[in-house]
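Provided below for reference: sequence and predicted model.
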Amino acid sequence: MDFKPTARTRLKRIPERGQYDRETIYQVLDQGRICHVGIAPGGSPLVIPTLYARLDDDIVFHGAKASRLLKYVQNGGEVCITVTQIEALVLARSVFHHSMNYRSVVVLGTGRLLQSRREKLRALEAISENLLPGRWADARGPSEKELQATSVVAVPIQEASAKVRSGPPVDDEEDYALPVWAGVLPIHRCHAEPLADPRLPPDVPLPDYLRAVIGLAAPPRSVDR
């Protein structure tokens, strides 16, 4: 089911770029790793970047119990969460019409503190897997002491909208005759070769899930005879 535009989420500037379908919004959220959370403690605006994940119909993120952001959400403060995927520079013939191709999402609402151990672990696993799939099962999980020191919150995705720009530049008609290169410069996210921790023992192999991220084939398995 699509999201119903509200007075706060309906796009006013270039409204034809607005999209309110769940598939588009969830796709943008699922492809991001960092969100920016806007809060207004005491009426003073503040935007904080943080790791997150979409878990079903919630956005979950975590931090230290003393975190100003987590306390604000826990106390029922309204938040504005944004995620943006930049896909290309759009180079027009005039600097006025330069732009970017992008997909962005805005989510508005209030969150809740996750109380049970099961809820917290499920959310922390989602955040870890959003950062790098396969990592949660490989690394040491959080200890009870670490869980007690960590707050995890969930913000329901109920009031949301996406804004999408795609395609070539749009110049003024008289500028199309200018001898200026114009077009789109795509931007691709990729991973470079991993750099091992200096204290990593040399016999610890690169895990298959990390090899997959950088495009390396899994090493051949030895066969016992």
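On my side now, so go ahead. Keep in mind that what you see is a predicted model, and the values were worked out from it rather than measured.

pLDDT at the residue nearest to residue 194 when sequence neighbours are not counted, what is it?
Excluding the flanking residues, the one nearest residue 194 by C-beta to C-beta, 6 or more residues apart in numbering is residue 210, at 6.1 Å. Every C-beta, even on glycine, is put in place using the N, C-alpha and C of the backbone. The per-residue pLDDT reported for residue 210 equals 95.

Surely residue 210 touches residue 139?
No: look at residue 210 against residue 139 with C-beta atoms under 8 Å: they stay out of range, at 11.5 Å.

separation between the residue nearest to residue 194 and residue 15?
43 Å (C-beta to C-beta, to the nearest Å).

likewise residue 25?
Residue 25 is 16 Å from residue 15, by C-beta to C-beta.

Also residue 113?
36 Å.

returning to that earlier point: quick one, phi psi at the residue nearest to residue 194?
Torsion angles at residue 210 (phi, psi; degrees, to the nearest 10) stand at phi -80, psi -40.

neighbour-wise, which of residue 210 and residue 139 wins?
Set side by side, residue 210 and residue 139 show more neighbours around residue 210, with 16 against 11, by other C-beta atoms under 10 Å.

OK, contacts around the more buried one?
Residue 210 makes contact with 132, 134, 194, according to C-beta atoms under 8 Å, 6 or more residues apart in numbering.

on that earlier part again, of residue 25 and residue 15, which one has the most company?
residue 25 (23 against 10).

mind checking the SS state of that one?
helix (DSSP: H, G, I helix; E, B strand; the rest coil).

I figured it was touching residue 105, is that so?
Yes: counting by C-beta under 8 Å, residue 105 is a contact partner of residue 25 at 5.3 Å.

which residues are common contacts for the two?
160, 161, 162.

And the buried ones among the residues you listed, selectable in ChimeraX?
Burial among the shared contacts of residue 25 and residue 105 is assessed by 16 or more other C-beta atoms under 10 Å; the matching ChimeraX selection reads:
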select :160,161,162
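
Sitting in strands, which of the shared contacts of residue 25 and residue 105 do you find?
Per DSSP state E, strands hold the following members of these: 160, 161, 162.

List of residues touching the strand ranked longest in the chain?
What stands out as the longest strand in the chain, according to DSSP E, is strand 79-91. For strand 79-91, contacts defined as C-beta under 8 Å, 6+ apart pick out 28-29, 31-32, 34-39, 52, 59, 72-73, 98-111, 155, 165-166, 168-169, 181-187.

Kindly recompute the last result at 7 Å.
28-29, 31-32, 35-39, 59, 73, 98-111, 155, 169, 182-187 (C-beta atoms under 7 Å, 6 or more residues apart in numbering).

And for stretch 48-62?
By C-beta under 7 Å, 6+ apart, stretch 48-62 touches 26, 29-30, 33-37, 63, 69, 81, 107, 123-124, 126-127, 130-131, 150-157.

Just give me the neighbour total for residue 87.
Neighbours of residue 87 under the rule other C-beta under 10 Å: 18.
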